[in-house]
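In: the following comprises the amino acid sequence and a computationally predicted model.
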Amino acid sequence: MKFIEKIDKDLNLPFYANQVVEGFITGLHKSPYHGFSVEFAEHRLYNTGESTRHIDWKLYGRTDKLFIKKYEEETNLRCQMIIDVSSSMYYPKFNNPTLENPNKLLFSVYSVAVLMNLLKRQRDAVGISMFSEEIEIHTQCRTNLRHHNLIYHELENRLKTNSIKSPKKTFSINALHQIAENIYKRSLIILFSDMLDNSDSSQDELFSALQHLKYNKHEVIMFHVSEPNTELDFDFDNRPIRFVDAETNEEIKLNPIEIRDDFVNISRSNLEIIKQKCLKYKIDLVEVDINQGFDKILTSYLLKRQKMF
């Protein structure tokens, strides 16, 4: 299900996230894929002959299936979500990015909000970190409503300042090491990044920092966000175009067709290196097209969570 719909610009982030998750849950229950249910800790299928006392009639109205509400203790999953907020994440550059025309940062912020809604339903603890050349925001994992509201507030502020005031390199190595040191208990770590690092560090150093995130037996999902038509396939018009590096402001003017083949080869080679490194360090890599909605985000998270419990 592709979920990029036209929405009310005044719709607040928690409300929109709830709409996305409600639609996703309904789709899961109505599909033939019953490998997992989104309400792990809250529901199970009703068995004939059981008491109807705890049937969730609201869920029945949405799915035409009978589910029993379960009242279990917290699952104790702790999820730390990390967003790369460096300048390259503002690509593609729009004056007013929307879900119909998102940049990588806007898509990542909404993805975190949607995942938070799902974590809340499952009574899981959530924390958030944002980094560029340094850690800009870092919270510990908690489950209470006040904490959720604080995170939503930080996410909405990031959307309000969705413009590049000054170039920021992704010194992700130092930032990720610091974040790893501040995640104390075993957690699921979810990272949103385009993996574009303009520092002088090698890829081995970068992945050493990612490996550090697995310290203390953490599990890691890395959502590699991109606009593949232009960032991977270099699909631009056949005319001279001025390109500006989002993180250095360096400019170059050229006809894309002159370098398209070389660019595509290098991009795909770099992507293959990322895949191999993630495989080596046992990091779940998920390629995400920012124009294709949130289903892949939610499904990848649910599959990972199911493996952990």
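Out: Perfect, I can see it now.
In: looks to me like Gly102 is in a strand.
Out: Careful, residue 102 is Pro and not Gly. No: membership of Pro102 in a strand is not supported by DSSP: H, G, I helix; E, B strand; the rest coil, which gives coil.
In: so how far is Leu188 from it?
Out: 25 Å (CB to CB, to the nearest Å). (Each C-beta comes from the backbone N, C-alpha and C, glycine too.)
In: before we move on, what about Gln178?
Out: 19 Å.
In: next, count neighbours for Ile252.
Out: 10 (other CB atoms under 10 Å).
In: report the beta-bridge partners for it.
Out: Phe243 (DSSP bridges).
In: and His218, how many neighbours?
Out: By other CB under 10 Å, neighbour count at His218 equals 17.
In: residues contacting it?
Out: 183, 186-189 (CB atoms under 8 Å, 6 or more residues apart in numbering).
In: just the buried residues of these.
Out: Buried by 16 or more other CB atoms under 10 Å: 183, 187-189, out of the contacts of His218.
In: tell me the two of the residues you listed that are most distant?
Out: Ile183 and Leu188 (10.3 Å; CB to CB).
In: common neighbours of these two, please.
Out: Common neighbours of Ile183 and Leu188 (CB under 8 Å, 6+ apart) are 80, 218.
In: so Leu118 sits right up against Tyr301, yeah?
Out: Yes: under the criterion of CB atoms under 8 Å, Leu118 makes contact with Tyr301 at 7.0 Å.
In: list the buried residues for stretch 210-223?
Out: Applying 16+ other CB under 10 Å to stretch 210-223 flags 210-213, 218-223 as buried.
In: in a markdown table, list those along with pLDDT, secondary structure and distance to Asp235.
Out: Putting the buried residues of stretch 210-223 into a markdown table (pLDDT from 0 to 100; DSSP: H, G, I helix; E, B strand; the rest coil; distance: CB to CB, whole Å) gives the following:
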| residue | pLDDT | secondary structure | distance to Asp235 |
| --- | --- | --- | --- |
| Leu210 | 83 | helix | 29 |
| Gln211 | 85 | helix | 34 |
| His212 | 88 | helix | 36 |
| Leu213 | 85 | coil | 33 |
| His218 | 91 | coil | 37 |
| Glu219 | 93 | strand | 35 |
| Val220 | 94 | strand | 31 |
| Ile221 | 96 | strand | 28 |
| Met222 | 95 | strand | 25 |
| Phe223 | 97 | strand | 22 |
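In: stretch 95-102: end-to-end distance?
Out: 11 Å (CA to CA, to the nearest Å).
In: which helix or strand contains Cys79?
Out: Using DSSP states H and E, the element containing Cys79 is strand 78-84.
In: strand 78-84 and the helix or strand following that strand, what's the angle between them?
Out: With elements assigned by DSSP H and E, the helix or strand that comes after strand 78-84 is helix 104-121. Angle, helix 104-121 to strand 78-84, by axes from the mean of the first three to the mean of the last three CA atoms, to 10 degrees: 170 degrees.
In: give the rounded mean pLDDT of helix 104-121.
Out: When pLDDT is averaged over helix 104-121, the result is 95.
In: now for that helix, which elements pack on it?
Out: helix 13-30, strand 78-84, strand 125-131, helix 145-160, strand 188-193, strand 219-226, helix 295-308 (3 or more CB pairs under 8 Å, 6 or more residues apart in numbering; DSSP states H and E).
In: the domain parsing of the chain - what is it?
Out: Using automatic domain parsing, the domain parsing of the chain gives 13-69, 78-308.
In: could you report the neighbour count for Asn238?
Out: 10.
In: checking it next. Helix, strand or coil?
Out: Applying three-state DSSP: Asn238 is coil.
In: low pLDDT regions in the stretch 201-309 of the chain?
Out: For the stretch 201-309 of the chain, applying pLDDT under 70 flags the ranges 201-202, 247, 309.
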